[in-house]
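**Student:** This is a predicted model, with the sequence first.
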Amino acid sequence: MASARRLKRVVASQPGFINLKSNAGPSSLVSSRRKRLNKNKKKSWNKHSDINDVEDFLEDVRHQERTTGGLLSEKPDDTLFFLDVGQPKKVEQKVEEPVTGKKRKGKDTRPLRIDLILQHDSLVPPPKDVLAYQKPNAKKLRRTAQRAEHLAAKGVVTRRQKLLLNRRPVQRTTKKAVTEANNNPDRDYYDIWDKEPKSSADTWYLQQTGKMRVKRPERMNSKPSVLPAVEVIAPGGSYNPDFFSHQALLKEAHEVEVKKKKEEDKIEKQLAVNKEDTATEETILREQVEGLIEEDEEEEESAPNEDGEDVAVGGITLSDKKTERQRKKEKAEKMKEQQRLADRRLIDQRQQLFQLRSIKSTIKQREEETNSRQKIRKANQEAQKAQPRRLGKLKFQPEDLNVQLSDELAGSLRQLKPEGSVLKDRFKSLQKRNLIEPRERAKFTRRYKLKYVEKRAFKEIT
């Protein structure tokens, strides 16, 4: 077989050999060695297989579907042919209605070319959207619906349905109003800087946002402090105050200074050194000699113990086992004690019947004490609201009172000397109203030591 194939290849390679195929040309006369292809893999099928006839057939099918909406072989005859019965008879011309717009004579209105281009000319229906018919958890919902139908047939009401039936009816909100145009002069004016907030059912707000306003928590409506933002100074701080109001302000400033002085004296007293606690030569010598001189006290204490009798130290006493008679006696005594306590309790309860008046007075007194303590506690809480809270590691230090003495008072604003700082006053007010925590100015610490260098010009002078 191999020799026969080799002979055929040799004959076909001769110049006088004519191929019987219709597409034989001069290039095919001189045949080369046949390629050996491995056709047992799909890659070789796609590469070395001729599928032009299949592609032409599929293209023809697609063309028929686009133009006629399906294959011509499957179409009925009525859609492919029509019966020619001659020229149709003329229909009586109807009275044309007057056209409002202008119309050119002798020509009918035709659609624009751009409209014809944009028209859908394919008769192939759009593909079915499979995702549009899919539902998430469809299987689970179907089982739930089947179970609900089965329970409804039996007359069983589920817990969820009971909760829905027992739920309070919700007040129906008004329908959403139609949104008005912004350039409508008849619409309501909405002031965003108005002090009084709009209600949650505001028509204009619902029109613009399309949703209800979120309910604000109560803690957001309360201020951190009841103090005003700007505190007005007492009448004695005026440039031309009344005598009594100025003296009252001076007294207040004096009390503040006296309190500071007491605190400073207290600290100095605690840090002061007592002269009696200072060491003298005698105390120093006593401390140095302590423990070196033998004392006879220990010998005197140990002597009486040697003469006396021996005392057992740390002896363990073993209790004898109780007899049955002793156990019965203890049990009887225990029961007798319990009975005695029960009788005593019953007697006390009967005696309380004769003490109802005193008990009522005691209860009334306790209630009065409780009410008074509650009032004191509430008063302290109200007073605490006006005090700054501890927000950080530092404690709030109030600013010093700006008071002028009697001889420093000026008779007019022109001679008045300004005191204090507006910026510092605002900063302290924020701290006092619990808006920011008390803080100190950051201290500057030099990282590297300063280096002094004499310049050349300075050296020449010196």
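**Tutor:** Yep, it's here. Bear in mind the structure is a predicted one, so any value in this text is a computation, not a measurement.

**Student:** where does this structure have its least confident helix or strand?
**Tutor:** helix 26-29 (a mean of 49; mean pLDDT, DSSP states H and E).

**Student:** any idea of the mean pLDDT for whichever helix or strand comes after that helix?
**Tutor:** Of the helices and strands lying after helix 26-29 in sequence (DSSP states H and E), the nearest is helix 42-48. Across helix 42-48, pLDDT averages out at 80.

**Student:** Give me the buried positions along whatever helix or strand comes next after helix 42-48.
**Tutor:** Sequence-wise, the next helix or strand downstream of helix 42-48 (DSSP H and E) is helix 52-68. Within helix 52-68, the residues that count as buried by 16 or more other CB atoms under 10 Å are residue 64. Backbone N, C-alpha and C define where each C-beta goes, glycine included.

**Student:** what does helix 52-68 rub up against?
**Tutor:** If you take CB atoms under 8 Å, 6 or more residues apart in numbering as the criterion, helix 52-68 is touched by 70-72, 75, 79, 122-124.

**Student:** what's the distance between residue 320 and residue 123?
**Tutor:** 118 Å (CB to CB, to the nearest Å).

**Student:** ugh, wrong one, residue 441
**Tutor:** Applying CB to CB to residue 441 and residue 123 gives a distance of 85 Å.

**Student:** These two: which has the busier surroundings?
**Tutor:** Neighbour tally, residue 441 and residue 123, criterion other CB atoms under 10 Å: the higher count belongs to residue 123, 12 against 5.

**Student:** pLDDT value on the closest residue to the more buried one other than its chain neighbours, please?
**Tutor:** Closest residue to residue 123 apart from its sequence neighbours, by CB to CB, 6 or more residues apart in numbering: residue 69 at 3.5 Å. Per-residue confidence (pLDDT) for residue 69: 82.

**Student:** For residue 69, what are phi and psi?
**Tutor:** Dihedral pair for residue 69: phi 80, psi 10, per degrees, to the nearest 10.

**Student:** buried stuff in the helix or strand encompassing residue 380?
**Tutor:** Assigned by DSSP H and E, residue 380 belongs to helix 356-385. Residues of helix 356-385 classed as buried: none (neighbour count, 16+ other CB under 10 Å).

**Student:** picking that back up, possible to save the contacts of helix 52-68 as JSON lines with distance to residue 251 and secondary structure?
**Tutor:** Converted to JSON lines, the contacts of helix 52-68 look like this (distance: CB to CB, whole Å; DSSP: H, G, I helix; E, B strand; the rest coil):
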{"residue": "70", "distance to residue 251": "110", "secondary structure": "coil"}
{"residue": "71", "distance to residue 251": "113", "secondary structure": "coil"}
{"residue": "72", "distance to residue 251": "116", "secondary structure": "helix"}
{"residue": "75", "distance to residue 251": "115", "secondary structure": "coil"}
{"residue": "79", "distance to residue 251": "115", "secondary structure": "helix"}
{"residue": "122", "distance to residue 251": "101", "secondary structure": "coil"}
{"residue": "123", "distance to residue 251": "105", "secondary structure": "coil"}
{"residue": "124", "distance to residue 251": "102", "secondary structure": "coil"}
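
**Student:** For residue 257, see how far away residue 264 is.
**Tutor:** Applying CB to CB to residue 264 and residue 257 gives a distance of 11 Å.

**Student:** can you check residue 425 too?
**Tutor:** Residue 425 is 20 Å from residue 257, by CB to CB.

**Student:** what's the answer for residue 367, then?
**Tutor:** Relative to residue 257, and taking CB to CB, residue 367 is found at 45 Å.

**Student:** One more: residue 157?
**Tutor:** From residue 157 to residue 257 the distance is 80 Å (CB to CB).

**Student:** for the chain, which spans come out with low pLDDT?
**Tutor:** 1-34, 90-108, 168-185, 187-192, 195-208, 210-213, 293-319, 462 (pLDDT under 70).

**Student:** residue ranges of the strands in it, please?
**Tutor:** In the chain, no strands are defined using DSSP state E.

**Student:** okay, which residue is most central for it?
**Tutor:** Nearest to the geometric centre of the chain sits residue 217, at 14.8 Å (CA atoms, centre = their mean).

**Student:** which residues touch it?
**Tutor:** Contacts of residue 217 (CB under 8 Å, 6+ apart): none.

**Student:** could you measure it against residue 209, distance?
**Tutor:** 20 Å.

**Student:** How about residue 380?
**Tutor:** 45 Å.

**Student:** Just give me the neighbour total for residue 447.
**Tutor:** 4.

**Student:** what's the answer for residue 236, then?
**Tutor:** 21.

**Student:** How about residue 234?
**Tutor:** 15.

**Student:** you'd agree it is up against residue 249?
**Tutor:** Yes - in this structure, residue 234 is within contact of residue 249 by CB atoms under 8 Å, at 5.2 Å.

**Student:** Which residue ranges of the stretch 301-450 of the chain form helices?
**Tutor:** 324-352, 356-385, 422-432 (DSSP state H, counting those that start in this stretch).

**Student:** orientation of the longest one relative to helix 324-352 in degrees?
**Tutor:** Angle, helix 356-385 to helix 324-352, by axes from the mean of the first three to the mean of the last three CA atoms, to 10 degrees: 80 degrees.

**Student:** so how far is helix 356-385 from its chain's centroid?
**Tutor:** From the chain centre to the centre of helix 356-385 is a distance of 43 Å (CA atoms, centre = their mean, to the nearest Å).

**Student:** try stretch 71-80
**Tutor:** Its chain's C-alpha centre lies 68 Å from the corresponding centre of stretch 71-80 when counted by CA atoms, centre = their mean.

**Student:** Name the surrounding residues that touch it.
**Tutor:** 61, 64-65, 68.

**Student:** mind checking the end-to-end distance for that stretch?
**Tutor:** Length of stretch 71-80, first residue to last, CA to CA, to the nearest Å: 11 Å.

**Student:** Also stretch 124-131?
**Tutor:** Stretch 124-131: ends 20 Å apart by CA to CA.

**Student:** what sits up against that stretch?
**Tutor:** 65-66, 69.

**Student:** Redo those as CSV? Include distance to residue 284.
**Tutor:** Shown next, in CSV, are the contacts of stretch 124-131 (distance: CB to CB, whole Å):
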residue, distance to residue 284
65, 122
66, 122
69, 125
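
**Student:** Out of those, which is nearest to residue 415?
**Tutor:** Residue 415 lies nearest to residue 66 out of these, by CB to CB, at 102.4 Å.

**Student:** any idea how far the closest one is from residue 78?
**Tutor:** Taking CB to CB, one finds residue 66 at 21 Å from residue 78.

**Student:** now residue 404
**Tutor:** 115 Å.

**Student:** So between those two, which is more surrounded?
**Tutor:** residue 404 (18 against 8).

**Student:** ok, now how distant is the more buried one from residue 241?
**Tutor:** Relative to residue 241, and taking CB to CB, residue 404 is found at 9 Å.
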